[in-house]
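>>> Give me a 3D structure for the following:
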Amino acid sequence: MAEQNPNSRPRILSGMRPTGKLHLGNYMGALANWVKLQDDYECYFFIADWHALTTDYADTSSVLANTQDVILDYLAAGLDPGRSVLFVQNKVKQHAELFLLLGMITSLGWLERVPSYKEQQENLVGKDLTTYGFLGYPLLQAADILIYQAQYVPVGQDQVAHVELTREVARRFNQFYKLDGKDVLPEPESLLTPSPKLPGTDGRKMSKSYGNTILLTDPEPEVRKKLKTMVTDPARIRRSDPGDPDKCPVGDLHKLFSSPGTLGKVYEGCRSAGIGCIECKGWAADALVQILLPIQERRASFSESDVKNILDDGNARATRRAEQTMVEVRAAMKLAPAG
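Predicted coordinates:
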């Protein structure tokens, strides 16, 4: 039932699409926060391989390899399979069953007004996104959340609309169907994730689609190479020109990763033209390497069989929990039980 055990930790659900190795933007925007949430929440974190098909359906050749990369990045960042359920979406078929059933009651207008629906159609040029799967992906997200009767969903501000849709869908389901007079699907709440400004090497938001990322797996020479080409304060045309770290993408990296002492040197040296951009970028690279090194060491510690065992266990645990919800959903809808 929707009522929760008051002695249990609140349950959360979140995931990422397997579109390649994860980068610093993924880490700062989600992963680092997920690691902290493990202490206070019952956590379900998944790899959304079905969601990868909503925009990349024409070529699925890399989905499996990308899934392996993402689970390794999850583990490298500090997600603990002893404290969190880590699993792959398509291994839990109940997601698809609930998605289908919720599709019977979800208004077409609700899906068409999701902000990202038109935005992505405009931005992802060259792809035919006039598909049922693309229109319905926010409802699949809703099923992902509701199948675990999650109370919270850690999201950035740009994903709040998806959680609101999930709440609407749960509300509508509960209006039509109850089990012993009680609601089956709780309405989840957004758990806003602090999302610091993390620029890519071209100054725009770090994103795979822009090709401006620093990967969690980038070795030190690659990090330093990428930082050397990073854009800086446009006011610093010559070495002798003073600059402003508050107007510089490299300055944004320093604010997030450098020590207070280094940050002080950056502000003083940049504004007085006492340091050049190459030196400043070198200090930023030093800080990034210190962040990435332990992540990369953890990643290297997991063997292929370790990853398989972790996912087998997580898939089984997620399936058991999802089936508990589906037993209630089928009963509330007066459908025949599975099997």
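>>> From here on, just use CA atoms for contacts and neighbour counts.
Will do.
>>> any idea how far residue 315 is from residue 101?
For residue 315, the distance to residue 101 equals 22 Å [C-alpha to C-alpha, to the nearest Å].
>>> okay, these two: which has more neighbours?
residue 315 (20 against 15; other C-alpha atoms under 10 Å).
>>> The more buried one contacts residue 92, doesn't it?
Yes - between residue 315 and residue 92 there is a contact under C-alpha atoms under 8 Å: 6.7 Å.
>>> show me where pLDDT drops low in the stretch 1-150 of the chain?
The model of the stretch 1-150 of the chain has pLDDT under 70 over residues 1-7.
>>> Helices along that one, start to end?
For the stretch 1-150 of the chain, the helices defined by DSSP state H, counting those that start in this stretch cover 24-26, 32-37, 49-56, 63-77, 94-103, 108-112, 115-123, 132-146.
>>> and the longest helix belonging to the chain, which residues are buried?
The longest helix of the chain (DSSP state H) is helix 304-332. Within helix 304-332, the residues that count as buried by 16 or more other C-alpha atoms under 10 Å are 310-311, 313-319, 322-323, 325-326, 328-332.
>>> next one: stretch 115-131
In stretch 115-131, counting by 16+ other C-alpha under 10 Å, buried: 116, 117, 121, 129.
>>> Verify the contact between the third one and residue 134 for me.
Pointing back at residue 121 there. No - assessed by C-alpha under 8 Å, residue 121 is found out of contact with residue 134, at 9.5 Å.
>>> I'd like to know which elements the longest helix of the chain is packed against.
Packing partners of helix 304-332 (3 or more C-alpha pairs under 8 Å, 6 or more residues apart in numbering; DSSP states H and E): strand 84-88, helix 94-103.
>>> follow-up on the earlier one: do you know which of the helices of the stretch 1-150 of the chain lies nearest residue 266?
The closest of these to residue 266 is helix 24-26. By C-alpha to C-alpha, the value is 21.4 Å.
>>> In contact with the residue located most distally from the centre of the chain, which residues?
Ranked by distance from the centre of the chain (C-alpha atoms, centre = their mean), the top residue is residue 240, with 41.7 Å. Neighbouring residues of residue 240 by C-alpha atoms under 8 Å, 6 or more residues apart in numbering: 273, 274.
>>> about what we covered before: now the angle between helix 63-77 and the longest helix of the chain, please.
If you take axes from the mean of the first three to the mean of the last three C-alpha atoms, to 10 degrees, helix 304-332 sits at 100 degrees to helix 63-77.
>>> Mean confidence (pLDDT) on stretch 214-224, please.
Mean pLDDT, stretch 214-224: 98.
>>> Restricting to C-alpha, output that stretch in CSV.
C-alpha atoms of stretch 214-224 as CSV (Å, rounded to 0.1, in the frame of the first residue of the first chain):
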residue,chain,number,x,y,z
ILE,A,214,36.1,16.1,-18.9
LEU,A,215,35.4,12.4,-18.3
LEU,A,216,35.7,10.7,-14.9
THR,A,217,38.0,8.3,-16.7
ASP,A,218,40.3,10.9,-18.3
PRO,A,219,43.9,10.3,-17.3
GLU,A,220,46.0,13.2,-16.0
PRO,A,221,47.6,14.0,-19.4
GLU,A,222,44.2,14.2,-21.1
VAL,A,223,42.8,16.5,-18.3
ARG,A,224,45.8,18.9,-18.7
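>>> For residue 265, what is the enclosing helix or strand?
Residue 265 belongs to helix 260-271 when elements are defined using DSSP states H and E.
>>> no wait, residue 238
Using DSSP H and E, no helix or strand contains residue 238.
>>> Ok, the one 4 residues further on next?
When secondary structure is defined by DSSP H and E, residue 242 falls outside every helix and strand.
>>> Now do the SS call for the closest residue to it other than its chain neighbours.
Spatially, and ignoring its direct neighbours in sequence, residue 242 is nearest to residue 273 (4.5 Å; C-alpha to C-alpha, 6 or more residues apart in numbering). With DSSP: H, G, I helix; E, B strand; the rest coil as the basis, residue 273 sits in coil.
>>> Counting neighbours, what do you get for residue 273?
Around residue 273 there are 18 residues (other C-alpha under 10 Å).
>>> ok, it touching residue 245?
No - Residue 273 is beyond contact range of residue 245, at 11.4 Å (criterion: C-alpha under 8 Å).
>>> check contacts around residue 133.
Residue 133 touches residue 54, counting by C-alpha under 8 Å, 6+ apart.
>>> Can you name the residues that contact residue 252?
Counting by C-alpha under 8 Å, 6+ apart, residue 252 makes contact with 197, 198, 199, 245, 246.
>>> Quickly note the distance from the first one to residue 148.
Taking C-alpha to C-alpha as the measure, residue 197 falls 31 Å from residue 148.
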